[in-house]
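1. here is my input; please provide its structure:
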Amino acid sequence: MIQSTKGIVLKTVKYGDTSIIVTIYTELFGVQSYLVNGVRTSTKKGPGKANLFQPAAILDLVVYHNDLKNLQRLKEYRWSYIYQHLFFNVIKNSVALYMIELLQKTLKQPEANSDLFHFIEDTFMHLDSAEDYVTANFGLFFALHLTTFLGFRFSDDYSEEHPYLDLQEGEFVHEHPIHPYFLQGQYSYITSQLLRVMQPHELKEIRLNQETRRTLMQAYQTFYALHVADFGTMKTLPVLQEVLG
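-> Residues are numbered from 1 along each chain as shown. This next block holds a predicted model:
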């Protein structure tokens, strides 16, 4: 069955001398793997068409889809959105790779979710054009709001009476949790502010220093690990923290 769909590239691995297997989060079919022949070249003519399949690339696809197969094929592919900065700006690319790893660890099933797809697509496009002080907080924003679509979002009921953020329960509570997985003080408050950000450009109102951002990113990684089986630790997190300085 031939279908047209948008897709966001999650991972690409070499296959043979000139081919690749690319994992793409598609709008119509969820996570799918595609064998793409003849896109790599060992000549001096350049990278060939493989550069279209960089992680975070947003593509328009025409695919041969078979529900019974684990490996699909592409009939046609082209840029759907051409990034102006994301692939070339070190900080934006580091944020994008962090977001991609988060998606790789959480999107496991070939199930379509158009709302989630459009959220991811929109967030990457906003990242591409974001100002520097917005870019610095992008990873935090994405990590928190992605959970809305995964079924374990924090309940946003922070108050002076509920000042502790219980990472295990996913809610603000009034008593100090008996386990070590919680945030308090400014970290709890800032998380409540980030949860209320509806559009990425609003992140400019939240100015964070290096230590605060680092603590929050570690806490959000813990939150995911508590709720996603086999989540482990993120390889891109130390890199992103180093780049953000």
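
2. and the longest strand seen in the chain, which strands flank it?
-> Counting residues, the longest strand found in the chain (DSSP state E) is strand 2-15. Applying DSSP bridges, strand 2-15 is found paired with strand 19-26 (antiparallel), strand 58-64 (antiparallel).

3. okay if I get those as TSV plus mean neighbour count and distance to residue 113?
-> From N, CA and C alone the C-beta is placed, and that goes for glycine too. Below are these laid out as TSV (neighbours: other C-beta atoms under 10 Å; distance: least, C-beta to C-beta, whole Å):
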stretch	mean neighbour count	distance to residue 113
strand 19-26	21	9
strand 58-64	18	16
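
4. among these, which is nearest residue 185?
-> Distance to residue 185, taken as C-beta to C-beta, is lowest for strand 19-26 among these, at 36.3 Å.

5. can you give the contact residues for that closest one?
-> 5-15, 31-40, 50, 53, 59, 61, 63, 71, 103-104, 107, 112, 117, 120 (C-beta atoms under 8 Å, 6 or more residues apart in numbering).

6. for residue 220, find the nearest of the strands paired with strand 2-15.
-> Closest of those to residue 220 is strand 19-26, at 20.5 Å (criterion: C-beta to C-beta).

7. give me the mean pLDDT for the closest one.
-> Mean per-residue pLDDT for strand 19-26: 95.

8. use 15 as the first number from now on
-> Will do, 15 is the new start, and the previous item becomes strand 33-40.

9. next structured bit after that strand?
-> Per DSSP states H and E, the first helix or strand lying C-terminal to strand 33-40 is strand 44-50.

10. in that following strand, what's buried?
-> 44-48, 50 (16 or more other C-beta atoms under 10 Å).

11. tell me the contacts of the residue most central in space within the chain?
-> The residue lying closest to the centre of the chain (C-alpha atoms, centre = their mean) is residue 113, at 2.7 Å. Under the criterion of C-beta under 8 Å, 6+ apart, the contact list for residue 113 reads 70, 137-138, 141, 152-153, 156.

12. show me what the helix or strand of the chain with the lowest mean pLDDT is packed up against.
-> Within the chain, confidence by mean pLDDT, DSSP states H and E is lowest for helix 146-149 among all helices and strands, at a mean of 91. Applying 3 or more C-beta pairs under 8 Å, 6 or more residues apart in numbering; DSSP states H and E, one finds that helix 146-149 contacts helix 104-120.

13. average pLDDT across the helix it packs on?
-> On average, helix 104-120 scores 97.

14. now do the buried residues in that helix.
-> So, applying 16+ other C-beta under 10 Å, buried residues of helix 104-120: 105-119.

15. number of nearby residues for the nearest residue to residue 210 once chain neighbours are set aside?
-> Spatial nearest neighbour of residue 210, excluding adjacent residues (C-beta to C-beta, 6 or more residues apart in numbering): residue 170 at 6.7 Å. Residue 170 is flanked by 14 other residues according to other C-beta atoms under 10 Å.
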